[in-house]
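Novice: dropping a prediction and its sequence here:
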Amino acid sequence: MTAEADLAALVEQLRAENATLRRERDEGLERQQATGEVLQLIGQSTADAQPVFDAIVERAARLCHASGSRLWLAEGETMRWVALWGRRTQDSDQQPLPRVMDPEQAATLRRWGLWSIRLDGPDSFTILSGSPDTANDAPTRQRTYANGLRAALTVPLERNGEYRGHLSLSRT
């Protein structure tokens, strides 16, 4: 009886490991396909970067199961979004979202670097990773929550150690 129970437990463990390996394989293939699609667009878009930017935000959102994605590029002291996928282009008051971020908010994002946050309410949140400064920026959290977002991830873009912008992903 013990040998049968041990065998059944081993079979169940192998099934679970097999399912994990299949999921990891599928996720890897999905990442590889998205990367290939973006690289193909880069090869085809020698003069116009916009199709590449659009593909990056769309593929990143799909891979992360995000409801929206935005690519911000640094321009002096400010940042400008160059590609948007999924999310609406208006805030909770139906005002158009600004294409250029004010210098103070841009400086805050640069300081935070890589971060992710889960919003449970306008004043209730969990920092999943990144700078504790995120917790001290109540206006940004409250504005983000009012706009319907419940989770956000921001990844800084750098080249040779120089800040170039951010890729932001969000989930409603």
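Specialist: Now that the structure is in, tell me what you want to look at. Nothing here was measured: the structure is a model prediction, and the numbers come from that model. Numbering: from 1, shown residues only.

Novice: could you give the average pLDDT over the helix ranked longest in the chain?
Specialist: If you go by DSSP state H, the chain has its longest helix at helix 2-44. The average pLDDT for helix 2-44 rounds to 81.

Novice: past it, which element shows up next along the chain?
Specialist: Counting by DSSP states H and E, the next helix or strand C-terminal to helix 2-44 is helix 50-64.

Novice: just the buried positions in that following helix, please.
Specialist: Across helix 50-64, burial judged by 16 or more other Cβ atoms under 10 Å covers V52, F53, D54, A55, I56, V57, E58, R59, A60, A61, L63. Every residue, glycine included, has its C-beta placed from N, CA and C.

Novice: stretch 159-172 now?
Specialist: Here stretch 159-172 shows G165, H166, L167, S168, L169, S170, R171 as buried, counting by 16+ other Cβ under 10 Å.

Novice: got a list of what the last one touches?
Specialist: This points to R171. Shown in contact with R171 (Cβ atoms under 8 Å, 6 or more residues apart in numbering): H65, A66, S67, G68, L149, R150, A151, A152.

Novice: which one of the residues you listed sits closest to L14?
Specialist: Nearest to L14 among the contacts of R171 is H65, at 28.1 Å by Cβ to Cβ.

Novice: what about that closest one, how many residues nearby?
Specialist: 8 (other Cβ atoms under 10 Å).

Novice: which residue packs closest to it, ignoring adjacent ones?
Specialist: R171 (7.4 Å; Cβ to Cβ, 6 or more residues apart in numbering).

Novice: where does pLDDT dip in the protein?
Specialist: For the chain, applying pLDDT under 70 flags the ranges 1, 38-39, 41-43, 45-46, 87-98, 112, 114-115, 117-141, 143-145, 147.

Novice: kindly recompute the last result at 80.
Specialist: Within the chain, the stretches with pLDDT under 80 are 1, 31-32, 34-47, 87-102, 104-152, 172.

Novice: circling back: what packs against the longest helix of the chain?
Specialist: helix 50-64 (3 or more Cβ pairs under 8 Å, 6 or more residues apart in numbering; DSSP states H and E).
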